[in-house]
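K.L.:
sequence and computational prediction follow.
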Amino acid sequence: MIEEAVAVAELEVTLGGRQVLDRVRIRAGSGELVFIAGRNGSGKSTVFRAIMGRLLSSGGEVAVRGQVGYHEQTPVYMPDMTVVENLRSFNKLFRTQWSPARMDQFIEELGLSHAERSNASSLSGGEKQRLALGITLMRDKDIYLFDEAESAMDPAGRRFYFDMLKRLSQEGKTVLWISHHIRDSLAVADRGYFMHGGKAYSFDVSQVRSSVQDYSEDAFADYCEEQVVNSQWEC
Ligand SMILES: Nc1ncnc2c1ncn2[C@@H]1O[C@H](COP(=O)(O)OP(=O)(O)OP(=O)(O)O)[C@@H](O)[C@H]1O
């Protein structure tokens with residue numbers, strides 16, 4: 001039996017003949033903010049797909065208490081509808097039951113008021129991510145998995161996104177996210193994992209915050225790999 005938490009996973013995944021996840025242990029408690037870092041191809045998205053039961057070849061165990069909202073790397077929205085039509089349609093579909101006034105306020109919070117009558121397919125990359133984020137947030141879930149939801153957003157969009165993660169946690173939601181924005185992620189995370197060599201190494205965020213000098217992605221990955229090689233972190 002794996003230990004109890006809101007979300008716990010012990011994952012074994014082989015894809016295309018390669019073991020992508022090798023007894024990866026991920027744990028997230030109630031209201032916790034958990035950051036998953038790692039270089040391209042290290043298996044971060046695979047962790048989320050395995051948790052969601054999307055991989056036929058995956059083994060191991062997943063124990064989740066509560067409903068999970070999975071925000072995939074590719075933004076999800078209706079391309080032929082405007083921003084407002086998208087949000088109204090999902091409001092109906094999810095039975096969110098927001099009033100028109102609440103919806104207007106939400107569109108403003110998302111930074112999409114200027115584009116609310118634009119077709120979703122014509123939005124910029126960052127705007128599409130804001131819309132997709134809005135759609136995910138309309139569903140009330142206990143646990144959220146965000147896969148690079150803010151990768152194309154500008155600094156204002158990222159501020160909104162990371163503030164929103166904190167708000168979700170204050171509401172008691174458990175949040176796990178994958179991001180290549182190291183500084184922003186370390187600023188809000190309670191706990192971190194670094195994916196390397198098919199394993200997830202758990203790290204103490206406050207200790208990392210006080211040791212890391214250079215928050216560029218490469219320098220951070222170099223720092224993490226040094227900790228792994230020197231057996232400073234557990235997996
Ligand atoms: N269906 C598949 N068949 C074969 N290999 C796969 C499949 N899906 C993923 N992989 C491989 O698994 C590895 C991990 O992929 P994953 O998408 O989890 O990486 P990631 O850490 O999320 O990377 P990124 O930062 O680029 O998003 C990659 O080498 C990828 O090529």
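P.N.:
Good, I have the coordinates.
K.L.:
for the rest of this, base every contact and every neighbour count on C-alpha atoms.
P.N.:
Fine.
K.L.:
burial measure for the closest residue to residue 177 other than its chain neighbours, as a count.
P.N.:
Sequence neighbours aside, residue 146 is the residue nearest to residue 177 in space, at 4.5 Å (criterion: CA to CA, 6 or more residues apart in numbering). For residue 146, the count of nearby residues is 24 (other CA atoms under 10 Å).
K.L.:
in the worst-scoring helix or strand of the chain on mean pLDDT, what's buried?
P.N.:
Every helix and strand of the chain was ranked by mean pLDDT, DSSP states H and E. The lowest is strand 58-64, at a mean of 83. Burial within strand 58-64, assessed by neighbour count using 16 or more other CA atoms under 10 Å, is assigned to 58-59, 61-64.
K.L.:
what does stretch 122-142 give?
P.N.:
Residues of stretch 122-142 classed as buried: 123, 126-136, 138-139, 141-142 (neighbour count, 16+ other CA under 10 Å).
K.L.:
any idea how far that stretch is from the chain center?
P.N.:
12 Å (CA atoms, centre = their mean, to the nearest Å).
K.L.:
how about stretch 9-23?
P.N.:
Taking CA atoms, centre = their mean, one finds stretch 9-23 lying 20 Å from the centre of the chain it belongs to.
K.L.:
buried residues, that stretch. List them.
P.N.:
Using 16+ other CA under 10 Å as the test for burial, stretch 9-23 gives 9-13, 20-23.
K.L.:
not counting sequence-adjacent ones, nearest residue to residue 224?
P.N.:
Closest residue to residue 224 apart from its sequence neighbours, by CA to CA, 6+ apart: residue 194 at 7.1 Å.
K.L.:
looks to me like that neighbour is in a helix.
P.N.:
No: applying DSSP: H, G, I helix; E, B strand; the rest coil, one finds residue 194 to be strand, outside a helix.
K.L.:
kind regards, and thank you for your time.
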